[in-house]
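Novice: sequence plus predicted model, see below.
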Amino acid sequence: MDDLEFRKSAVIDPGNQDSEFLEKTRQSRNNRRFIKEQLSFNQELLDTLALSTPENLTDRIILAQQLSQHKTRHKIKQLKKRQRQWRNWLGGSIAASIIMAFSINLIWPEPLNSALLAQKVINHFHEDTHALNVHMNVPKTSIDTMLASYGGKLNGPIGQVSYLGHCIIGEHTGIHMVLRTSRGIVTVLLLPAQPINGPSLLNDSQISGILYPSQKGSIAILSEQPEAIDQTRQQINQTLNWII
């Protein structure tokens, strides 16, 4: 195990009891200090997750969304103003058509090729398999808080979530969850900033799954147990709602 693999493993699971990991921990004072820092951080995170949700959290989220919408409307207004200035300067219907096409792409991102995004999703899954070894019991309030930052909401429980975190796929962030279901461990990736042009199967020698369009962006569901995928997909579709 090299230093990079050690630190990545320590961030995911500082309590790892693997013999190679423990030997690497004993090799240097810096490694032991790093493990101590990660254990302290995990305890702080658990303490934070245990805190009750403030009564006015919903009002705060709605206010933040309203402010965000106000900023978006202001940007669109400024964009339209610049469009008028460009049309006056360029003149002619051809120039105006070019500007209009540019503006539409700026406000509404063009859907991605689902096959290209599917490969990025599979690569991300194999790079972050340590998430499968985390055994936290993530409360629904923590999931709701993270979803709210993307404009999402759960209408009900989705089962036991053992891992919750942000992920980066391509140039955009999303939400990475691991669910422990009655039919096996399932990875769910919510990608609200990455709309796609259609569903795509996710398959290689180790994993199977599906990437499909959502009300906002796209969703990927992967598992080593194919029978768990459809069950999780139905549960996510029934409970997940994008409010913006």
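Specialist: That came in fine, so what should we check first? None of these values were measured; they are calculated from a predicted model. Numbers count the residues shown, from 1 in each chain.

Novice: where does pLDDT dip in this structure?
Specialist: Within the chain, the stretches with pLDDT under 70 are 42, 45-75, 79, 83, 85-112, 244.

Novice: what's the domain layout of it?
Specialist: Listed domain ranges for the chain are 3-50, 57-107, 114-242 (source: automatic domain parsing).

Novice: which of the ones you listed sits most buried?
Specialist: domain 114-242 (a mean of 17; mean count of other Cβ atoms under 10 Å). For every residue, glycine as well, the C-beta is placed using N, CA and C.

Novice: could you work out the end-to-end span of it for me?
Specialist: 20 Å (Cα to Cα, to the nearest Å).

Novice: again with stretch 218-230
Specialist: 16 Å.

Novice: wait, Lys8 sits on His130?
Specialist: Yes. Applying Cβ atoms under 8 Å, one finds Lys8 in contact with His130, separated by 6.7 Å.

Novice: distance of Ser205 from Glu224?
Specialist: 11 Å (Cβ to Cβ, to the nearest Å).

Novice: same thing with Lys80?
Specialist: 50 Å.

Novice: just give the nearest non-adjacent residue to His135, would you?
Specialist: Ser162 (5.5 Å; Cβ to Cβ, 6 or more residues apart in numbering).

Novice: report the contact partners of Val178.
Specialist: 131-132, 134, 161-163, 185-188 (Cβ atoms under 8 Å, 6 or more residues apart in numbering).

Novice: what about the residues you listed, which are in helices?
Specialist: Judged by DSSP state H, helices contain none of the contacts of Val178.

Novice: now the strands for the protein?
Specialist: 152-154, 160-169, 172-181, 184-191, 200-203, 208-213, 218-223, 240-242 (DSSP state E).
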